[in-house]
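Colleague: Here is my input; please provide its structure:
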Amino acid sequence: MFLSAKVACGGSVPTTLAASTTDLYVSTTGSDSNSGTQSSPFKTILAASLAAQAGTTVHVAAGTYYGGFETTASGTAAAPIHYV
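Modeller: Numbers count the residues shown, from 1 in each chain. Model prediction:
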């Protein structure tokens, strides 16, 4: 998995978040209009990064994700944001 670079995003920001934002999911077969749950994953890591909050774990499924992302979301020492 390659995670780097700034990217301009012309896509939409997710407006419906998963019921629990503790875990968010990304899959190459997902959609950025999805909620980010395991059964309804985001398509891009960028969408998940926009939805992530302190304590969130973003689960990225195997696959090729083009582009990159830059996030301003910040975890805390006690509740970091993890990308796995």
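Colleague: Quick check: pLDDT value at the spatially most central residue of the chain.
Modeller: Note on the chain: the residue nearest the mean C-alpha position is residue 48, at 1.6 Å, using CA atoms, centre = their mean. What the model reports for residue 48 is a pLDDT of 95.
Colleague: Could you confirm it falls within a helix?
Modeller: Yes - with DSSP: H, G, I helix; E, B strand; the rest coil as the criterion, residue 48 is part of a helix.
Colleague: what about it, distance to residue 36?
Modeller: 6 Å (CB to CB, to the nearest Å). C-betas here are computed from N, CA, C, even on glycine.
Colleague: what residues are up against residue 48?
Modeller: Shown in contact with residue 48 (CB atoms under 8 Å, 6 or more residues apart in numbering): 24-26, 36, 42, 58, 60.
Colleague: Output the helix or strand encompassing residue 59 as CSV - backbone C-alpha positions only.
Modeller: Element membership for residue 59 (DSSP states H and E) is strand 57-60. What follows is strand 57-60, C-alpha atoms only, in CSV (Å, rounded to 0.1, in the frame of the first residue of the first chain):
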residue,chain,number,x,y,z
THR,A,57,-9.0,2.7,13.0
VAL,A,58,-9.2,2.8,9.2
HIS,A,59,-9.1,-0.7,7.7
VAL,A,60,-7.8,-0.5,4.1
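Colleague: and it, which residues are buried?
Modeller: Judged by neighbour count (16 or more other CB atoms under 10 Å), strand 57-60 contains these buried residues: 58-60.
Colleague: tell me which strands and helices the helix or strand just after that strand is in contact with?
Modeller: Downstream of strand 57-60, the first helix or strand assigned by DSSP H and E is strand 82-83. On a contact count with 3 or more CB pairs under 8 Å, 6 or more residues apart in numbering; DSSP states H and E, strand 82-83 meets strand 57-60.
Colleague: partner strands of the strand it packs on, parallel or antiparallel?
Modeller: Paired strands of strand 57-60, with direction, are strand 23-26 (parallel), strand 82-83 (parallel) (DSSP bridges).
Colleague: Lovely, talk soon.
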